[in-house]
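Colleague: have a look; sequence and predicted model below, questions after that.
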Amino acid sequence: VRVYKNDEYIGQFYPDSKKYPYLKHPPIVVDDFIGETLMKREKLSRKDAEMAKEILRAVGRYANHLPLLMKLKTLYLLKKYKLSFDQGVKMFFRYMSGWGSKTSGYRFEGYKDDRLIKTVIKENNYRFNYLLETGRTELKIEDTYDTARFVIKKINQHGEIIPYSFNPLEIKVSGSVELIGPGKTSLQGGVIAFWVKTRSRGKGQIGVAIDGQLLQSELWVL
């Protein structure tokens with residue numbers, strides 16, 4: 001897995017078979033979101049950059065109660081690179097919390113045999129959309145009625161479901177189908193499903209009003 005932060009290369013990570021020797025497919029542990037940026041931006045040597053990352057992680061864990069060894073390492077780096085304490089604090093916020101940048105986004109690229117298989121982007125949600133999906137557009141009336149399942153999703157700019165969304169919505173159906181269940185409900189963790197059943201042959205229309213939008217779909221009963 002190759003990791004990028006704000007389109008800047010962080011590093012490459014592999015299955016951790018050393019820590020998980022008994023797993024056929026050990027997990028890929030991404031434990032470094034700083035990578036080589038300290039060497040590129042702050043002009044630290046590789047050894048000192050690794051020491052700085054160790055200190056930054058310790059600050060994130062212990063805050064003002066750093067172990068003595070971490071304090072000594074901090075003092076060593078501040079003296080060596082002629083940095084003030086305030087500059088060291090700013091470095092922590094810059095690399096550990098994204099302070100100073102508008103947004104912090106991460107891109108994870110999964111490779112197998114040097115071939116890109118999947119890309120996942122994690123960043124702040126700034127664009128939202130709603131989807132109305134179904135797996136069937138044709139129903140049949142035989143010995144009993146037929147049914148179709150519809151799913152409403154709230155997604156972000158990358159097509160990911162927004163799990164903290166509970167927007168209210170209203171479902172209306174007409175024509176050859178009728179709704180099973182209540183017409184007024186809300187998303188549950190960014191998604192909810194409902195069912196319709198056949199009542200006669202012909203075209204059925206489905207509409208969902210949510211957040212000022214009208215999602216529409218149709219199906220045919222044969």
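Modeller: Right, received. Where do you want to start?
Colleague: ok, Gly189 touching Pro163?
Modeller: Yes: between Gly189 and Pro163 there is a contact under CB atoms under 8 Å: 4.8 Å. Using the backbone N, CA and C atoms, a C-beta is placed for each residue, glycine as well.
Colleague: burial count for the spatially closest residue to Gly35 that is not a sequence neighbour?
Modeller: Nearest residue to Gly35, sequence neighbours excluded (CB to CB, 6 or more residues apart in numbering): Ile10, at 3.4 Å. Burial of Ile10 is recorded as 20 neighbouring residues (other CB atoms under 10 Å).
Colleague: can you give me the strands in this protein?
Modeller: Here the chain has its strands, by DSSP state E, at 2-5, 8-12, 106-112, 115-122, 129-134, 138-139, 147-155, 168-175, 177-180, 184-186, 191-198, 202-210, 213-221.
Colleague: hey, C-alpha coordinates of the longest helix anywhere in the chain in CSV?
Modeller: Criterion DSSP state H: the longest helix present in the chain is helix 46-62. In CSV, the C-alpha atoms belonging to helix 46-62 read as follows (Å, rounded to 0.1, in the frame of the first residue of the first chain):
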residue,chain,number,x,y,z
ARG,A,46,17.2,10.4,8.0
LYS,A,47,18.3,9.4,11.5
ASP,A,48,17.2,12.6,13.1
ALA,A,49,13.9,12.5,11.1
GLU,A,50,13.1,9.1,12.7
MET,A,51,14.0,10.5,16.1
ALA,A,52,11.7,13.4,15.5
LYS,A,53,8.8,11.1,14.5
GLU,A,54,9.4,9.1,17.7
ILE,A,55,9.2,12.4,19.7
LEU,A,56,6.1,13.6,17.9
ARG,A,57,4.3,10.3,18.5
ALA,A,58,5.3,10.4,22.2
VAL,A,59,3.9,14.0,22.5
GLY,A,60,0.6,12.8,21.0
ARG,A,61,0.5,10.1,23.6
TYR,A,62,2.0,11.7,26.7
